[in-house]
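Novice: A structural model of the following input is requested.
(one chain, ligands or ions: 1)
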Amino acid sequence: MLGLPDHIRAYLFDLDGVLTQTAKVHAAAWKAMFDDFLREEARRTGDDFVPFDPVEDYDRYVDGRPRLDGTRTFLASRSIKLPEGSEADPPGTRSVYGLSTTKNDLVLRLIREQGVQPYPGSVEYLHRLRVLGLPRAVVSSSANCRDVLKAAGIDGLFDVVIDGVTAKREGLPGKPAPDTYLAAAKALGTAPEHAAVFEDALAGVASGRAGGFGTVVGVNRTGQREALLKNGADLVVDDLSELIEGAAQ
Ligand SMILES: O=P(O)(O)OC[C@H]1O[C@@H](O)[C@H](O)[C@@H](O)[C@@H]1O
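Specialist: Prediction:
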C-alpha cells in the first residue's frame, strides 16, 4: 500500500529527520556541546583539538540513539572516559549526564527560537495513510518527541507513540536495538513482518533490520544512500512523496 508491498499493514516512523526537520537541530547542538568540551579537553591534556564532525561523527555515533548513548558512543570513539554522573548534574559538568544535559538545553533553545518544521511529503503520506485507515506509530529515541510532534502540528496523526520517555519507563534498549520498534508493532497489534520502518539514521535502519520488519525504508536526507542500504534499508527514498508518486502510477 502507498508505494510499499501489499503485505505491509502498519507504518512505523522515526521522528527527527523523517517526519520533522529536527535532525539538523540535533546535529548542531551536538556539535556546539562537543566542540566546547573537546576544546577544553585539548587545553587540559595538551593534545590537538579535533572538532566534532556534524556529518561523519553525527551519523556514526549519535544519530538515532538515545541521548546518553549518543554521548557515550562518541566519547568512546575518541577513547575518552568520563564518569557517568547523574541526572542532577548541572549543564557543564564533566560527566556523561552533564554533557548530555548541556546538549539538551541547546536543543530546547534552538527549537524554541526556530520552531519545528515537518517535511511536507511526510505529512501528506501520513494523511493518506489515515484516510486509508492504516495504523501509524512514531518510534523515536527522543525524550522531547511529544513536544516536537506538537510544535510541528502533527501530534494527532498517530495511534501509538513510543519515545525516549516510554523506553526509559519500560526499560527498552534504544536503537540500534529493535526493541522500541517491536514495542510499537505490538501496540498496533501487527507482526513485525507486516510492518514498515521509516528511518533516516544508520542506527535506526539497523534496528529495523534487527527486528525482522517487513520493509525498512531508508530516508536519505543527507546523501547517505549507500550507508543506509548497507546498514539495513531495503529501499531508499529522498522524500516520502516519492512513495505517493510511485503508488499513483
Ligand atoms: O535528546 P533527545 O531529544 O532525547 O533525543 C535523543 C536523540 O533522538 C534522535 O531522534 C536523534 O536522532 C538524536 O540526534 C538525538 O540525540
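
Novice: so Gly218 bridges to which residues?
Specialist: Glu199, Val236 (DSSP bridges).

Novice: number of nearby residues for it?
Specialist: 30 (other Cβ atoms under 10 Å). C-beta coordinates here come from the backbone N, C-alpha and C atoms, glycine included.

Novice: I'd say it and Glu199 touch.
Specialist: Yes - with contacts counted by Cβ atoms under 8 Å, Gly218 reaches Glu199, the gap being 6.4 Å.

Novice: mean confidence for the helix or strand that Phe37 is a member of?
Specialist: According to DSSP states H and E, Phe37 maps onto helix 23-45. Per-residue pLDDT values across helix 23-45 average out to 96.

Novice: And it, what's buried?
Specialist: Within helix 23-45, the residues that count as buried by 16 or more other Cβ atoms under 10 Å are 23-27, 29-34, 37-38, 41.

Novice: Also near the ligand: which of the residues you listed, exactly?
Specialist: Filtering the buried residues of helix 23-45 for neighbours of the ligand using Cβ under 6 Å from any ligand atom leaves Ala23, His26.

Novice: Closest to Ala195 out of the buried residues of helix 23-45?
Specialist: Nearest to Ala195, judged by Cβ to Cβ, of the buried residues of helix 23-45 is Ala23 at 22.4 Å.

Novice: How much space separates the nearest residue to the closest one once chain neighbours are set aside from Ser141?
Specialist: The shortest distance from Ala23 to any non-neighbouring residue, by Cβ to Cβ, 6 or more residues apart in numbering, is to Gly17 (3.2 Å). Distance of Gly17 to Ser141, computed by Cβ to Cβ, to the nearest Å: 11 Å.

Novice: quick one, what contacts Ser142?
Specialist: Leu15, Asp16, Arg67, Val148, Asp163, Gly164 (Cβ atoms under 8 Å, 6 or more residues apart in numbering).

Novice: hmm, back to that, packing partners for the helix holding Phe37?
Specialist: Here helix 23-45 touches helix 67-77, helix 96-114, going by 3 or more Cβ pairs under 8 Å, 6 or more residues apart in numbering; DSSP states H and E.

Novice: and the next element down the chain from that helix?
Specialist: With DSSP H and E, the next secondary element past helix 23-45 is helix 56-57.

Novice: Over that following helix, what's the mean pLDDT, rounded is fine.
Specialist: What helix 56-57 shows for mean pLDDT is 95.
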